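[1] sequence and predicted model, in that order:
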Amino acid sequence: MLRFILKRSLIAILTLWAISSVTFFVFFALPANPAETMCGKNCDVRTIAAIQKNLGMDKPLPKQYLDYHAGLFVGRDFERQGREAQHCPAPCLAYSFRTNEPVTSIIGRAWPVTASIVVGGAVIWLTVGISLGMFSALRRGTVFDKTAIAFSLVGASMPIYVFAILLLATFVFGLHLLPYPHFVGLLEDPVGWVKALILPWFALAFIFAAQYARLSRSQMLETLSEDYIRTARAIGLSKRTVHLKHAFRAAITPIVTIAGIDIGGALGGAVITETIFGLQGMGWYAVRAIPNLNFPVIMATVLVAAFFLVAANVIVDCLYAVIDPRVKLN
Amino acid sequence: MTTPQTAHGGAYLQVRDLRVQFSTEDGVVRAVDGVSFSVDRGQTLGIVGESGSGKSVSSLAVLGLHDPKKSRISGEILVNGRNVVGLDDNELRKLRGRDVAMIFQDPLSSLHPYYTIGKQIVAAYRIHHPNASKSLARKHAIDMLGRVGIPQPAKRIDGYPHEFSGGMRQRAMIAMALVNDPDLLIADEPTTALDVTVQAQILDLIEDLQRDFNAAVILITHDLGVVSQIADDVLVMYAGRVAEYGSAEQVLRQAQHPYTWGLLASVPSLHGDADEDLKPIKGNPPSLINVPPGCAFHPRCRYAMLNGGPCDIEVPQLLPLLATHEPGHTVACHLPERQRKSIYEQDIAAVGVAI
Amino acid sequence: MTNLVVPQQAAAATRTRPPGEPLLKVEGLVKHFPVRSGLFGAKQHVRAVDGIDFTVDPGETLGVVGESGCGKTTTGRMLVRLLEPTSGKITFEGRDITHMNRSSLRPLRQDMQIIFQDPYSSLNPRHTVGRIVAMPLSVNGIEPAGGVKKRVQELLEIVGLNPEHYNRYPHEFSGGQRQRIGVARALALKPKMIVADEPVSALDVSIQAQVINLLRDLQREFNLAFVFIAHDLAVVRHFCERIAVMYLGKIVEVGSRQQIYEQPSHPYTKALLSAVPDVTKLGASLGRIRLEGDVPTPINPPSGCRFRTRCWKAQDLCAQVEPPLDPKPNGSIAACHFPEVGPLR
């Protein structure tokens, strides 16, 4: 187990490094100059050069690459025109091209927003999706089952923004039950946290829940037709025990894998949900950084997203070995 | 050897005119269509048939394991005198595993991959002994594993099914089936997935345990060789109906049904002339949605319509033999008994299959 | 008297081979699969096939029997180069094909075909029967006289299928018919040899006999050589003239049908035969040989004779010295220090 985790962590670090390198070079290979974008309408060559120097873009590419990665681990100094050099402590993700704010502090502000959305959303989509799928499998062919299938079809085909607008129109503008979604810290005001974020949760959960319902249903149906389920019935166990202890545990295994990766992926930024509700999470920043060529922010969001995805993979693999004794970790 | 006739009196399991139908999108599947048999404690009934003959469906009906929403079951299944057809699931549950236990073809897929062997046996025990402590149940499970010939049972009990070999897994499955000391053991193709030397071990084990537990055993198989080894009575099924029923001696040595003949002649054997061609049954088993009219076997039967007979119109009844005086031997065939006898002597026994 | 009989019978075993080059020659064939076991486990090897030799003459039927894990399927797959041998040599028609590359293998594939156990999974469900059977022709760019369709219909007829079912899909056929489709496909290129891996074990009893008879007819008609891999000794007896018995990656006995089935030399062969349930004998497991336990793991096979852990005749010598495959008094070639003498039972 320990050996496995060490090995996987090493691979994870290599993966992150590869991703950051690819992003780095792709960005610089683009035929666009962020300095020009920032310079605005009344621009001359001197201003651009000054901005470039400020951004650290006047140095040769390999040097920038090394500086960037050194910054991640040991911190680095930024030259500032006319002022003394600015020290950026590790893990240094550089400064936003736009606001000159350290990217780490942007992430520190944005990530709790994303995490709040994803955690709440995941709780809803997992409970709703899995229970809907499992129950409809157990009641195959009934009205309940058919309704659930219809729901998952609608969920899969309805764009999230349509659903989000429906939610807003109903609960915020129509019934005035909820405030317009915004971010409230969980520790400051737990009730407010729920109230302010419940609509984004449902919006995010809707599509996932539909997907998970479909997946759980088919997994459960497959498991129910397994020979060992017949054996469990043949030794006299009740349907309830067979379904809960024998079928559910086997059916849930592949769902754990997918859930881990979905949650990991979403933690890097729930782009659409954040954008629709104007919540300033990772996705929101990433979407704004791209047209501005705000390289440090793009780079940071990519890295954070990759980190969670890779971490989720490792966790899922470990969980898998705990759930399924046939899996050996090596 | 008890003949089925004497067994019919108060046999532990009596199945009468059992019918099992499933409705599917393509039509009604008549999986079992009027089957009767019985088996008493200490006896082994072999049910022989090819895939789709209804042999497994019948046995699952004894345990009430068909989904009542998808199947229609009629007839009587008397377990120790009590009819279990139509009992609700709670009543059936008390029966399953305690009075009637079952082992299946593939022990790997029949055991839950996530639970240890011990856990599964303990669960099987405690469901019928709710007051038994976990440690007592575990002790019981270890005893059982030892009894079915698993070496170091106290250690192996904590192993998972995938850590066992095929033969050991089937032994564990048998231990699980016998942990509640059932009166009837149904073994559905218990050796089909196993190697021949392991098959021999498992058949011996079933025989030994039957003696110790004095249980009734139903052995379902497609392999006449397996049946000949441990069955007292043999029931030959074709397309959901009984073709022939009698003692092993009667069915395997003096077979009366052309389908039984076909099976006997088509099985490659270790004796006789190997250069001689096998004598297969022509054609394929029928679809159970569209069973041929009359005798279901008639399209494949070499002797059908010999007398212009009603083979293609009338379903033959399962009738006892009269002329030969073989009590308990029943056959469902339109051929006159005398003619069957002479065909058997000339065509079948002469091949040297079942002398 | 006995002294005279022994060498004569040994000579008979070698004489069964007609003069001339064998079609297929296998020497010291080995296949090891690497595995890692345990947490910090070192790399180990599953010794699936561990040095086997045999030959197949043109038109000859060689049966390879043994229990699961004995290496028979691995052997079959190496013969048609679906698996790469670890070491050893396979010679087909005098050419070394052991490590031949894909393009050089192409003509070989025409001469050597394989039939699999499972007729359900070895046919592409989305292709018509016509397309499946024609596949070997189209892959090899062969345009038979009279056209592909005519040849395919001819093949379907040969294997006893209705040629008009050319446009049907595999799911419209029964198990036995699907296996016939597999056979038709194997015959498309007029091979000289067919490797049949458990071709009838997935079929119903009444259908098994149909397929065995079909293969026998084809074998005679086209003078096909067969390597017939099966666990069912009775089936092999009806199909093969010569039989090789495998145990844990080694051949333990080779002989003619009569030698193997009537007077086996190796105790393992004897035990295998004894374990086959016999319709002609009701009840009475008396006098049968019962092997104890399971086949040992091929990762770490027993020293000396691999069968010794389950053999009732084993002595100290068996653990120390691996018995060579050589002629035995009963006529076959066997690897045993204490061979059986005299007819079975």
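    The structure has been received and is ready for your questions.
[2] what number of residues are in the vicinity of the closest residue to chain A within the stretch 51-200 of chain B?
    Using C-beta to the nearest C-beta, the closest approach of the stretch 51-200 of chain B to chain A is made by residue B:97 at 3.6 Å. Placement of C-beta: from N, CA and C, glycine included. When neighbours are counted by other C-beta atoms under 10 Å in any protein chain shown, residue B:97 registers 27.
[3] any idea how far it is from residue C:294?
    28 Å (C-beta to C-beta, to the nearest Å).
[4] my guess is residue A:180 meets residue A:172, correct?
    Yes - between residue A:180 and residue A:172 there is a contact at 5.5 Å, judged by C-beta atoms under 8 Å.
[5] for residue B:70, give me its contacts.
    B:22-23 (C-beta atoms under 8 Å, 6 or more residues apart in numbering or on different chains).
[6] ah, wrong one, I meant residue C:154
    residue C:163 are the contacts of residue C:154 under C-beta under 8 Å, 6+ apart.
[7] where's it, which helix or strand?
    helix C:148-158 (DSSP states H and E).
[8] name the helix or strand of the chain that has the lowest mean pLDDT.
    By default, I'm working from chain A. Ranked by mean pLDDT, DSSP states H and E, the weakest helix or strand in chain A is helix A:34-39, scoring a mean of 70.
[9] rewinding a little: orientation of the next helix or strand after the helix holding residue C:154 relative to helix C:148-158 in degrees?
    Later in the chain than helix C:148-158, the nearest helix or strand by DSSP H and E is helix C:175-187. Angle of helix C:175-187 versus helix C:148-158, following axes from the mean of the first three to the mean of the last three C-alpha atoms, to 10 degrees, is 130 degrees.
[10] who touches helix C:175-187?
    B:284, C:113-116, C:119-120, C:122-123, C:129, C:132-133, C:135-136, C:152, C:155-156, C:158-161, C:170, C:173, C:194, C:199-200, C:202-204, C:207, C:210-211, C:214-215, C:218, C:222.
[11] once you drop chain neighbours, what's closest to the residue in the stretch 1-150 of chain C positioned nearest to chain B?
    When distances are taken as C-beta to the nearest C-beta, the stretch 1-150 of chain C reaches nearest to chain B at residue C:67, 3.9 Å away. Counting by C-beta to C-beta, 6 or more residues apart in numbering or on different chains, residue C:67 lies nearest to residue B:195, which is 3.9 Å off, once chain neighbours are set aside.
[12] okay, the one you found and residue C:275: tell me how far apart.
    In terms of C-beta to C-beta, residue B:195 sits 9 Å off from residue C:275.
[13] got it, and residue A:21?
    63 Å.
[14] and the two? Which one has more around it.
    residue C:275 (21 against 13).
[15] just checking, the more buried one touches residue B:200?
    Yes - using C-beta under 8 Å as the test, residue C:275 is close enough to residue B:200 to be in contact (4.0 Å).
[16] which neighbours do those two share?
    Between them, residue C:275 and residue B:200 share the contacting residues C:288, C:290-291, judged by C-beta under 8 Å, 6+ apart.
[17] let me know the closest of these to chain B.
    Among the shared contacts of residue C:275 and residue B:200, and counting by C-beta to the nearest C-beta, the member closest to chain B is residue C:291, at 4.6 Å.
[18] ok, residue C:328 - contacts?
    C:10, C:265, C:334, C:336, C:339 are the contacts of residue C:328 under C-beta under 8 Å, 6+ apart.
[19] if you set the cut-off to 7 Å instead, what comes out?
    C:265, C:334, C:339 (C-beta atoms under 7 Å, 6 or more residues apart in numbering or on different chains).
[20] tell me how far it lies from chain A.
    Distance, residue C:328 to chain A, using C-beta to the nearest C-beta, to the nearest Å: 44 Å.
[21] mind listing what residue B:335 touches?
    B:303, B:306.
[22] how deep is residue 64 tucked in, by neighbour count?
    Here I'm looking at chain A. 17.
[23] please refer instead to chain C.
    Residue C:64 has 28 nearby residues by other C-beta under 10 Å.
[24] which residue ranges of the chain form strands?
    Looking at chain A here, since you left the chain open. Along chain A, counting by DSSP state E, strands occupy A:76-80, A:83-88.
[25] oops, chain C please
    C:24-36, C:43-56, C:61-65, C:87-92, C:95-96, C:112-115, C:193-197, C:225-230, C:242-247, C:250-256, C:325-327, C:333-335.
[26] sheet-wise, list the partners of the shortest one with their directions.
    Right, strand C:95-96. Each strand paired with strand C:95-96, and its direction, by DSSP bridges: strand C:87-92 (antiparallel).
[27] so how far is the partner strand off the chain centroid?
    Centroid separation between strand C:87-92 and its chain, computed with C-alpha atoms, centre = their mean, to the nearest Å, is 16 Å.
[28] buried ones in it, by neighbour count?
    Using 16 or more other C-beta atoms under 10 Å in any protein chain shown as the test for burial, strand C:87-92 gives C:88, C:90-92.
[29] show me what from the stretch 151-300 of chain C comes close to chain B.
    Residues of the stretch 151-300 of chain C lying close to chain B (C-beta under 7 Å from any C-beta of the partner chain) are C:174, C:176, C:204-210, C:212-213, C:216, C:231, C:233-235, C:237-238, C:257, C:261, C:271-273, C:275-283, C:285, C:288, C:290-291, C:294.
[30] of those residues, which belong to helices?
    C:176, C:205-210, C:212-213, C:216, C:233-235, C:237-238, C:257, C:261, C:271-273, C:275 (DSSP state H).
[31] and the gap between the most centrally placed residue in chain A and residue B:96?
    Taking C-alpha atoms, centre = their mean, the centroid of chain A lies closest to residue A:266, which sits 1.8 Å from it. Separation of residue A:266 from residue B:96 (C-beta to C-beta): 45 Å.
[32] mind showing which ranges of the chain have poor pLDDT?
    Going with chain A. Counting by pLDDT under 70, chain A contains low-confidence ranges at A:1, A:29-32, A:37-42, A:54-55, A:80-83, A:328-330.
[33] nope, chain B please
    Short version for chain B, where the test is pLDDT under 70: B:1-9, B:348-355.
[34] got the domain ranges for it?
    Here the domain parsing of chain B from automatic domain parsing is B:111-179, B:255-351.
[35] make TSV from these and add distance to residue B:27 to it.
    What follows is the domains of chain B, written out as TSV (distance: least, C-beta to C-beta, whole Å):
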stretch	distance to residue B:27
domain B:111-179	35
domain B:255-351	4
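[36] and among those domains, the most buried is which?
    Highest mean neighbour count among these (mean count of other C-beta atoms under 10 Å in any protein chain shown): domain B:111-179, with a mean of 20.
[37] quick check, it touching chain C?
    Yes - using C-beta under 7 Å from any C-beta, we find that domain B:111-179 touches chain C at B:165, B:167-168.
[38] is that domain positioned near chain A?
    Yes - applying C-beta under 7 Å from any C-beta, one finds domain B:111-179 touching chain A at B:111-114, B:123-124, B:127-128, B:160, B:162, B:176.
[39] in those residues, find the pair that's most separated.
    Maximum pairwise distance in the residues of domain B:111-179 next to chain A, criterion C-beta to C-beta, is 27.0 Å, between B:128 and B:162.
[40] picking that back up, the residue nearest to residue C:67 and residue C:274: what is the separation?
    Residue B:195 is 14 Å from residue C:274, by C-beta to C-beta.
[41] ok, now which ones touch the nearest residue to residue C:281 once chain neighbours are set aside?
    Distances taken as C-beta to C-beta, 6+ apart put residue B:228 closest to residue C:281, at 6.7 Å, once the chain neighbours are dropped. Residue B:228 makes contacts with B:248, B:252, C:277-279, C:281-282, as judged by C-beta under 7 Å, 6+ apart.
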